[in-house]
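Enquirer: would you be able to build a 3D model of this:
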Amino acid sequence: MFLSIHRFGHGFYPGTGDEDETGTGPGLGWTRNVPLPFNPPRRRYFDAFTLALEQCADRARPELVLISAGFDAHRNDPIGSLNLETEDFQRLTELVLQIADVHAGGRVVSCLEGGYHLGALAESVQIHLETLLHADD
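Expert: Modelled structure (predicted):
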């Protein structure tokens, strides 16, 4: 299962990732896109993320959770424009860790994907890693 929550619409590059794009061939139905408009309220982001994450996890029942950790959703990022604050990445990481605990025995791998404001990226990566490191505390 692949879940992506991202900015979409009005000619935003790359122009893919609409909610009706759900995969092809044997992967049909295993992609979940959650497109959001420019600068949505943070609450809308969290509600959409939480619902999609829970639905995907319940369907796929993963044995390992892979995080493609993109931090371009930060409000200071010049590209993503999704209005999140640094501390929001702690909450998002905690939500993913809860899913990993329920379905995957806590197994998580996180890879850095993106972020284009270096200060926001550094802060967001730090809080994400600290949350991962202290998951069992």
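Enquirer: what about this protein, any weak spots by pLDDT?
Expert: Within the chain, no range satisfies pLDDT under 70.
Enquirer: which stretch of helix or strand covers the closest residue to Ile99 other than its chain neighbours?
Expert: Among residues not flanking Ile99 along the chain, Ala57 sits closest, at 4.5 Å (Cβ to Cβ, 6 or more residues apart in numbering). Any C-beta I mention is one placed from the backbone N, CA and C, and that applies to glycine too. Remark: Ala57 resides in helix 42-60, with elements defined by DSSP states H and E.
Enquirer: mind listing what's buried in that helix?
Expert: Tyr45, Phe49, Ala52, Leu53, Cys56, Ala57, Ala60 (16 or more other Cβ atoms under 10 Å).
Enquirer: dump those residues to TSV, plus distance to Gly23.
Expert: Formatted as TSV, the entries for the buried residues of helix 42-60 read as follows, by distance: Cβ to Cβ, whole Å:
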residue	distance to Gly23
Tyr45	23
Phe49	20
Ala52	15
Leu53	17
Cys56	12
Ala57	17
Ala60	12
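Enquirer: quick one, helices of the protein?
Expert: 42-60, 88-103, 118-133 (DSSP state H).
Enquirer: just so I know, which of these lies nearest Phe2?
Expert: helix 42-60 (8.5 Å; Cβ to Cβ).
Enquirer: and that closest one, what does it pack against?
Expert: Contact partners of helix 42-60 among helices and strands, from 3 or more Cβ pairs under 8 Å, 6 or more residues apart in numbering; DSSP states H and E: strand 2-7, strand 31-36, helix 88-103.
Enquirer: ok so, going back, pull up the gap between the residue nearest to Ile99 and Thr131, please.
Expert: Using Cβ to Cβ, to the nearest Å, Ala57 is found at 18 Å from Thr131.
Enquirer: how about Phe12: what's its closest non-neighbour residue?
Expert: Nearest residue to Phe12, sequence neighbours excluded (Cβ to Cβ, 6+ apart): Phe38, at 7.6 Å.
Enquirer: for that neighbour, what are its contacts?
Expert: Arg7, Gly9, His10, Phe12, Ser81 (Cβ atoms under 8 Å, 6 or more residues apart in numbering).
Enquirer: which among the buried residues of helix 42-60 gets closest to Leu3?
Expert: Cys56 (4.8 Å).
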